[in-house]
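Q: Next one to model:
(2 chains)
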Amino acid sequence: MAQQQVPDSDAAADAAVAADAVSRSYTRGGGGIFGGGDAPTVQALNEVSMQVRRGEVVGIAGPSGSGKSTLLHLLAGLDVPTSGTVTLAGDDVSTLSGRQRARLRLDNVGIVFQRFHLLDALSARSNVALPLVELGYSKGRRRERAETLLDEVGLDGRLTHKPGQLSGGEQQRVALARALASEPALVVADEPTGELDSETGERVLDLLVDIADEQAVVLASHDQQALDVCDRVVHLRDGAVERVV
Amino acid sequence: MLRRFRALLGVAFRRVTGRLQIAPQRVLLSVLGVALAVGLMVTVTGVSLGLASQSVVESDGVDYWIVPEQADVESIAISTGGVRLGDVHSTSRDIAADERVDYATPVLLELVPIEDATTGERKYVLAAGVIPGESTDVLGLSTEQLTPGDPHYADGSYDGPWTGEVILNDAAATVTNTSSGQSLSLAGNATNRSLTVANVSTGGTEAVGGTVPMMLVHLSELQTITGASNGDTADQLLISTNDPSVRDSLEGRYDRTTVVSRSGLSAQQVSTSNLPLAVAIAALLSAVVVGVLFVTTLMGLEVSADREQLGTLAALGVSARSRSIVVAAETVIISLLGGGVGIAVGGLGILGVNRLGTETFGVDTVAVFEPRLAVYALVVAFGIGLVGAAYPVLLSRRTDPLEVLSG
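A: A predicted model of the protein is given here:
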């Protein structure tokens, strides 16, 4: 029986993101050439509830296949649950079109990837400014905002460097600055220290904690060092909440 | 909206230039594909322009004809009775005064009835009234046996010496049964002036059924015979020169006239056909098809290889429309780069064609490169980019951001 963390209604209203009994299943394959067989269904997440408020750092932990990434995708509005509700910035994600969810992410979610995923042809400054392009900022405002953020993550001397000219830690800090560019309510980080050595990872985690004064941060990780900085850690097993620490 | 569009174009431009520095192979292949297609088009269109300028078939000088606008260019050699040019003696004298001009003469064309010397029957001969120069040919007949100049004109008084000299071509001599030294009688008492065959020459204008019976006479004498001296009219002005820049000074000399360039009847036939246009259109279609195939295939591969980055953009919340703009702009930029290189390739192609033409056929200019050809090439490259962007854009829109996070 999956252990659930049911949010109370006042807390849910205050949350930057809230998941209420969300499940997610996937259908694998097409059931044979003639479609005669039943396609196997994989239950990736089963009635999970959680909420994250601004100023909180919440970790998601669990072994591979436990549903960490699936939950992170749902919280970030990248995917929609099969059942249950994800409320992001007051909107029920399930009711939105793909275009509306993209706009919701742009306005409210910053994403930090394990492998940084910077655009390798663009400078650090241009990478950070990317979300601001979509938001229609002027060139001057984009530059100013990007330079401020890169200064905050300690990369003011690397503005025009391309990702290939930066170390892994520097790239992840650029990615973090990019995630903060639109001043989102929620920052999700998927294994943010997975590609970094422990010292560099620690520095990135410190930055994540620092920004959590204003933003809600959800990070999925295997790394105990990363989970140690979290206010709460939701442990998942077989798609369900095993415990919350 | 416009600001975002400009910013997205900037992103596309920086991605292309960045890719040229980081992993240029596919971009360069795309550029090369478009460059070859556009270069081929530029070369072939250059040849078309060469054909259309009507100076390529024969290289031994350039002739210009000033003809009334409604004159049919195909029939300028034999058309008679249409709208005529006036004050042609002084005009041709002015034109001949230009040191770039070797020779200029008005040409008056009239069908003249001649009595058969044997039977007395009326026969029609095409008479061309010209101002003979030294060793010049008009309509394929040499004016050498005519007294140079136009003595009877006498500065417009038409009372100068009457030479009565006529040069017949073979066909006219046969039709009228006359030979060199004989007198010619105009049928119907058209004039009491005497005409004498100064020479019978081969040549003239070919028509269906054989050579047109023709004769050359002094312009003022034909004008006197036919009544065209009133207003000093003629059908056309022929200017012989080796300097194509003369054309500019000929334009506008008369209202409602056209300056036609040619180096002989064969050139004229080529120029008045639709061949140059057909060749240019074929080159355009080939370039578009080849260019689009290249761009579509290679940019499709590029987008497939770039799914991670496009997925990143999608995950960050960049809309499908904005991603489409970026991909389409990248495709157009690459295509324009190809167009730029293609202009250089085409220019070299034109040089090569001309060199080959000179060495093989002795023709100076087979293909022509004009600045507007470069603009045309860039417009075509832009079109190739736009059409070729459709498939890469479609691929980019299918990019799933979850692929990135799952990676």
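
Q: Find the least confident helix or strand in the chain, judged by mean pLDDT.
A: Assuming you mean chain A. One helix or strand of chain A scores below all others by mean pLDDT, DSSP states H and E: helix A:9-14, with a mean of 55.

Q: wrong one, I was asking about chain B
A: helix B:265-271 (a mean of 37).

Q: C-terminal to it, what's the next element?
A: Under the assignment DSSP states H and E, the closest C-terminal helix or strand after helix B:265-271 is helix B:275-305.

Q: one step back: helices or strands up against the helix or strand following the least confident helix or strand of chain A?
A: Next in sequence after helix A:9-14, counting helices and strands by DSSP H and E, comes strand A:17-27. The elements that strand A:17-27 packs onto, with contact taken as 3 or more Cβ pairs under 8 Å, 6 or more residues apart in numbering or on different chains; DSSP states H and E, are strand A:41-52, helix A:68-75, strand A:83-88. (Each C-beta comes from the backbone N, C-alpha and C, glycine too.)

Q: Could you find the closest non-adjacent residue to the closest residue to chain A within the stretch 51-200 of chain B?
A: Using Cβ to the nearest Cβ, the closest approach of the stretch 51-200 of chain B to chain A is made by residue B:52 at 44.1 Å. Setting aside the residues directly before and after it, residue B:52 is nearest to residue B:276 in space (Cβ to Cβ, 6 or more residues apart in numbering or on different chains), at 4.1 Å.

Q: for the stretch 201-350 of chain B, what spans make up the helices?
A: B:219-226, B:246-250, B:265-271, B:275-305, B:307-316, B:320-361 (DSSP state H, counting those that start in this stretch).

Q: The residue in chain A that chain B sits nearest to in helix, strand or coil?
A: Residue of chain A nearest chain B, by Cβ to the nearest Cβ: residue A:121 (2.4 Å). What DSSP: H, G, I helix; E, B strand; the rest coil gives for residue A:121 is coil.

Q: wait, it sits on residue B:17?
A: Yes - counting by Cβ atoms under 8 Å, residue A:121 touches residue B:17, with 7.3 Å between them.

Q: now residue A:42: how far from residue B:403?
A: 17 Å (Cβ to Cβ, to the nearest Å).

Q: What strand or helix carries the residue most central in space within chain A?
A: Nearest residue to the geometric centre of chain A (Cα atoms, centre = their mean): residue A:188, 2.0 Å. Assigned by DSSP H and E, residue A:188 falls within strand A:186-190.

Q: mind checking how far that strand is from the chain centre?
A: In this view, strand A:186-190 has its centroid 3 Å away from the chain centroid, taken as Cα atoms, centre = their mean, to the nearest Å.

Q: That strand - contacts with which helices or strands?
A: Helices and strands touching strand A:186-190, by 3+ Cβ pairs under 8 Å, 6+ apart, are helix A:68-75, strand A:109-112, helix A:168-180, helix A:198-211, strand A:216-220.

Q: Neighbour count: residue A:42 and residue B:403, which is higher?
A: In this view residue A:42 and residue B:403 are compared by other Cβ atoms under 10 Å in any protein chain shown, and residue B:403 has more residues nearby, 15 against 11.

Q: Tell me if I am right that the more buried one is in a helix.
A: Yes - judged by three-state DSSP, residue B:403 forms part of a helix.

Q: Show me what from chain A comes close to chain B.
A: Counting by Cβ under 8 Å from any Cβ of the partner chain, chain A comes close to chain B at A:69, A:72-73, A:76, A:78-79, A:98-99, A:102-107, A:109, A:111, A:113, A:115, A:117, A:119-122, A:126, A:130-131, A:133-134, A:136, A:138-139, A:142, A:162, A:164, A:178, A:182, A:190.

Q: Please spell out the PyMOL selection for the buried subset of those.
A: Buried members of these, defined by 16 or more other Cβ atoms under 10 Å in any protein chain shown, are picked up in PyMOL with:
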select buried, chain A and resi 69+72+73+76+78+79+102+103+104+105+106+107+109+111+113+115+117+119+120+121+122+126+130+131+133+134+142+162+178+182+190
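
Q: which residues are in contact with the helix or strand hosting residue B:171?
A: Assigned by DSSP H and E, residue B:171 falls within helix B:170-176. Applying Cβ atoms under 8 Å, 6 or more residues apart in numbering or on different chains, the contact partners of helix B:170-176 are B:114-117, B:123, B:125, B:168, B:179, B:184, B:197, B:200-204, B:210-215.

Q: Which of the residues you listed fall within strands?
A: B:114-115, B:123, B:125, B:168, B:184, B:197, B:200-201, B:210-211, B:214-215 (DSSP state E).

Q: How many residues are close by residue A:210?
A: Residue A:210 has 11 neighbouring residues, counting by other Cβ under 10 Å.

Q: can you pull the contacts of it?
A: Residues counted as contacts of residue A:210 (Cβ under 8 Å, 6+ apart): none.
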